[in-house]
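Enquirer: The sequence and its predicted three-dimensional model are supplied below.
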Amino acid sequence: MKRYILQYKMDIVWTVVCTLVTVGISLTLPFLMRQAIDGLTDKTLSRTGLRDLLLWYGGLSAVAVVFSLYLRKIPMKLSHKVEFALRNDVFDHLTRMDQAFFRSERTGDLMTRMSSDMTLLRDTIGQGLLQGIRTGMVLLLASIVMLITDTSLALLVLGLYFPMTAIFFLVLRAMRRTQKLLQEQVSDVSNFCQESFAGIRCIKGFALEERRIGLFEYLNRDLVRLNMKVQAGRQSLWPFMAFWFCLSVMMILNLGGRQVVRGERSLGTLVQFMQYLLYMQWPLLALSWITSLFQQGKVSWQRICHILEQTPAIADTDQTDFQIQQLTGDIHLQDLSLDLKDRRFLDHISLKIPTGTTLGITGPTGSGKTLLVSLVARLMDSTSGSIRVDGHDIKVIPLSVLRKHIGFAAQEPILFSRTLEHNIGFGVSEPDEALIQWAAEVAHLTEDIQSFPERFDTLLGERGVTLSGGQRQRASISRAVARHPDILILDDVLSAVDTQTEAAIMKKLQPVMQKRTTLFVSHRISTLQYADEIVVIEHGCITQQGTHDELIKQPGYYAELNMLQQIQSQLE
Amino acid sequence: MDKQKKTSFDTGAAKRLLAYARPYTRWMVLALVVIIAMSGLVNYLPVLIQKITDTCLLNTSETANVRVSRLAHLSLLYITFALVGHILRYGQGMLTVWLGQRIIYDLRMAVYKKAMRLHQGHFDRTPVGALLTRVTSDIDRMQGFVTDGVVGTVADVFMLISIMIYMVVLHWQVALVLFTVLPVMFAALHMINRKLRHANRLIRERQSAINALLQEDIVGMTTIQLFNRQTTACGEFRERNTHLRSAYFEEVRWFSLYFPVIEAGQAVAFILILGAGGWLLLNQSSVISLGVLVAFLTYIRDFFRPLGSLSDKAGMFQTAMASAERIFALLDTPEAIKDPRQSLPPNQITGPIAFDHVWFAYDKENWVIKDLSFQVEPGQIIAVVGATGAGKSTIINLIGRFYDVQQGAVTINGHDIRQFRKAHLRSRLGYVFQDPFVFAGTVADNISLLNPDLTRDDLISAATTVNAHTFIQDMPNGYDTVLNERGDGLSFGQKQLLCMARTLAQDPELLFVMDEATASVDTATEVLIQDALNKLMHNRTSIVIAHRLSTIRHANQILVMRHGQLLDSGTHDELMRHSVYYKHLYELLRHSPEV
């Protein structure tokens, strides 16, 4: 944290300077007021004297106002600069994290850390600097000035304000506690509604509406009760402060007033001290507020650090051989096993996929097919065994080089809320129109695109066109082939299209696949038969391996799948 | 044109909001009285200071003793007034907050009740989040508006007015001079507030722009990495972050002006008071005393405070009205499925259930059910089979009146189900869904559904019958174990058993079962579930959307559906003999890898 703030040392110096000037002048102004009042009381003040006093008052006030503006501006701007830098750093860090990280962290949680935690931290820095420095200065300078001016009145003011701050502090603390309860109740209400809407079928089905409304009434009533409890504290703050001020004014008027009556003290001094009373109130109260802000800010900082402290397991290391720049796509899996959370997902898998050949992968849901192709793209590392590409261990190939050679399309692809063109050309530095059109054509997407309002410039997502599942899959195929990768990985990318579209796509995709090393996962026999070799994975093991013609004759998963799909086609 | 339209909407929503305040008219009058009394008392205090200054401190015509005792006397009065005034102020604050809370309570209740009565189609179409926003953030915004906005404004206005009255009474010339600052200050603060609102809108827009990007990039980080786009992604993020920062700088620019402007106003006010008062005094004018000057100086702080908050109310009104419109739009949604004006008694909900030439479409265009007719005798088990999209689950939607048929009728014992009250009808129906829904609360409440007629013994016996008793007993607090809304700690199969216990405990007349074996349930639990299902259906009219072979084989009647039509019906053996389509279906189920 220090590192971020200390970049702006000069800003802090300026804040201190501005505070000194503002506080200095603010403490001087009541002196002028006192002189005016005393001069008017004993009628020693001339018209020019009054005019000069007021001119001084106006001039000094103007200076104070300008400095007071910068006193706020500088630390607040500083806090935004820190927030900016920190947010950039966290994002940069996120781009280096591996899949395991994103799987273990909830998106909503990361979002909170990047938004509300950042905001809280920023406010802590900005307000902490501003109020911290100011309160310190006000307390110090005001005490000195008051003690010099009139010791007994000064002690009276300090004596009165000490208990006020203490009481205020206690009220705020109690309020924080109820505030927390209130927040919990608010989220209870929110959760209850969420549950009511998500489970509406069950609620309607069992005719529970009235009972739910009854429960909601309880929650709502408690919400009002807690709200009132918090307000009981909040509403008391201002009247309490104002009353305390009245009390202090009375003490000054009574103790000081007797001396005025006896002629031992001037009315102006009393007015001057009343102004100090007013002036000191806010900074003192801000102190209690800052304390709680600091506590929250600290928690937020820790939550942000939690992200920054994690290091990715998949990254270039000192073993990385940066000489490797080109790959042809000769893949060799040697005795590959993968454990996740003490469960074995892939068990001793060995495979050779020579350059330019096509491997089809099939098997029941959850058998480990997606994990296998994820290992090849090095989204995660295997527990034991190794993957060699062109004879290099995958772990020594620079990540960016490996991925430059891979075109990857997933079953549930992520597309970005940009234009279709942006999405298809996503993996190419400067995609030209011809490439985009070719890639769209390969995935049999051209006809769909023609029907969109702005063709390739059509925005995807909420503010544009929502693609169907099949269109998304085909767009992700386009995105993968547009890179002209040497290794093409298609993870069940045709599951959402019907059999006819599938046949059309395969016809166009097949020539592209033939030129590259291709791994594709599929449940459809009609797609699998295009592969040079097919493996069946069940429970993390290869149970069958061979060409379509070979496997169809073997008893086992593949032949069963074939029969099932034949019956299914008759049902349609 | 557009703006005009918007204003008329505003007043409409405001009027309806006012209707929610009507029940509390008396309390509002009381609040107003307290506000007036409070501002009268509190703002009288500087007048007392004037009296103290002039008659005690500076009064040289009387003896010191008289003056000191008068000082004590006036001080006591001052403290009493201050105490009562500020207690009233607190009371007024609490009263108005309470009023706001009551109004919001009623509104929240109304929104929730409405949501519970919305048509199932509404839930199927719109995401849960949108509805949730109505009950949470929209209501919250209204709450802030009602409490701080309306009531706060009234209090501010009365404070300001009463200060002005006292000032005029104290010394009208100085007061008038001082009032010249008011319009200037109000204009300045209003301008700053407007700029701040603009900046805040920018911040919100850019914050949500950066959040949208962030969300997408976090979800798609693997894709970004696979395609080596990290540098571009960082660049884009930096760009939006810079935009956000410049919006914040804009806010800082105006916000840092806010308090200095008030300070400047106060300085000008001080100068005006000292200047005007001093000039009058130096002219030996007897119409002003020093005490008046001191009193004016004391007023300054309270004089400017309401100005700042008053100048900010316009923006609050706009956002609150936008929320109010959304809330009232929800409250105005018509109820598509209504109860009949004269309903049949609930004891008529028994006997054979029939579909009589039913036609139904979710979107009034594509018929999902086409001319479907069939009858289920009491106690029979009917299995409905067919490929995906054949319209099987729609049958359940129609009997439960989640949706109403477009043509034909669904009847129970010859009565059209639209003649029954929905609550009566549905309380006689029971469900076993594919995805078991667990409510946050105890296990017992999840089974009883808070039905007051069910004793603990009833719950235990229901749980025992469906093989749920054993695992419930093994839970930390047995039937009193509190489950969260996701039912964490229970396996999928256990949740299914729990929901079956729930259904059995309600003892429904007619049972619907979405019977699908799930891959995530282990074989041992699967056996328990099948057994529980058989017990549940025993001697009970049941309609099963069937996938398990055993259920299909044991059904009294099987309906074979295809594209919304009844293709064939009969027992398993009959259908195996004469229906080729059924034979294929059966083969498919038999070979499905999940079973």
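Expert: All right, it came through fine. Just so we're clear, the structure is a prediction, and the values are computed from it rather than from any experiment. Numbers count the residues shown, from 1 in each chain, chains lettered A, B, ... in the order given.
Enquirer: Tell me the buried residues in stretch A:17-32?
Expert: A:18-19, A:21-27, A:29-32 (16 or more other CB atoms under 10 Å in any protein chain shown). The way it works is simple: take the backbone N, C-alpha and C, and place the C-beta from them, glycine included.
Enquirer: any idea which element the residue of the stretch 401-550 of chain B found nearest chain A lies in?
Expert: Closest contact between the stretch 401-550 of chain B and chain A, by CB to the nearest CB, is at B:Arg426 (3.8 Å). Taking DSSP states H and E as the criterion, B:Arg426 maps to helix B:422-427.
Enquirer: How about residues contacting that helix?
Expert: A:204-207, A:209-210, B:337, B:339, B:343, B:346, B:349, B:400-401, B:417, B:506 (CB atoms under 8 Å, 6 or more residues apart in numbering or on different chains).
Enquirer: Of these, which is the nearest to A:Thr543?
Expert: Nearest to A:Thr543 among the contacts of helix B:422-427, counting by CB to CB, is A:Gly205 at 43.0 Å.
Enquirer: Across the sheet, point out what pairs with B:Met514.
Expert: Beta-bridge pairing for B:Met514 (DSSP bridges): B:Ile545.
Enquirer: quick check, distance from stretch B:452-472 to the centre of its chain.
Expert: Here the centre of stretch B:452-472 is set off from its chain's centre by 34 Å, with CA atoms, centre = their mean, to the nearest Å.
Enquirer: What's the end-to-end length of it?
Expert: This stretch, stretch B:452-472, spans 21 Å end to end (CA to CA, to the nearest Å).
Enquirer: before we move on, back to that, filter the contacts of helix B:422-427 down to the buried ones.
Expert: Taking 16+ other CB under 10 Å as the criterion, what is buried in the contacts of helix B:422-427 is A:204-207, A:209, B:337, B:339, B:343, B:349, B:400-401, B:417, B:506.
Enquirer: got the domain boundaries for chain A?
Expert: For chain A, automatic domain parsing gives the domain ranges A:2-150+A:265-309, A:319-405+A:486-572, A:414-484.
Enquirer: Which residue, other than its chain neighbours, is closest to B:Asn413?
Expert: Leaving aside its sequence neighbours, B:Asn413 sits nearest to B:Gly351 (CB to CB, 6 or more residues apart in numbering or on different chains; 3.3 Å).
Enquirer: What are the phi and psi values at the one you found?
Expert: Main-chain dihedrals, B:Gly351, degrees, to the nearest 10: phi 100, psi -170.
Enquirer: do B:Asn413 as well
Expert: Torsion angles, degrees, to the nearest 10, at B:Asn413: phi 50, psi 30.
Enquirer: just the strands in the chain please.
Expert: Went with chain A since none was named. Counting by DSSP state E, chain A has strands at residues A:331-340, A:343-353, A:358-362, A:384-389, A:392-393, A:406-409, A:487-491, A:517-521, A:533-538, A:541-546.
Enquirer: right idea, wrong chain: chain B
Expert: B:353-361, B:367-376, B:381-385, B:407-412, B:415-416, B:429-432, B:441-442, B:482-483, B:510-515, B:541-546, B:557-562, B:565-570.
Enquirer: Does chain A have contacts with the fourth one?
Expert: No - using CB under 8 Å from any CB of the partner chain, strand B:407-412 stays clear of chain A, with a minimum separation of 15.4 Å.
Enquirer: before we move on, back to that, need the strands of chain B in TSV with mean neighbour count and mean pLDDT, can you?
Expert: Formatted as TSV, those follow (neighbours: other CB atoms under 10 Å in any protein chain shown; pLDDT from 0 to 100):
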stretch	mean neighbour count	mean pLDDT
strand B:353-361	19	87
strand B:367-376	18	85
strand B:381-385	25	85
strand B:407-412	19	87
strand B:415-416	15	86
strand B:429-432	24	81
strand B:441-442	16	86
strand B:482-483	16	85
strand B:510-515	21	77
strand B:541-546	24	83
strand B:557-562	22	85
strand B:565-570	17	83
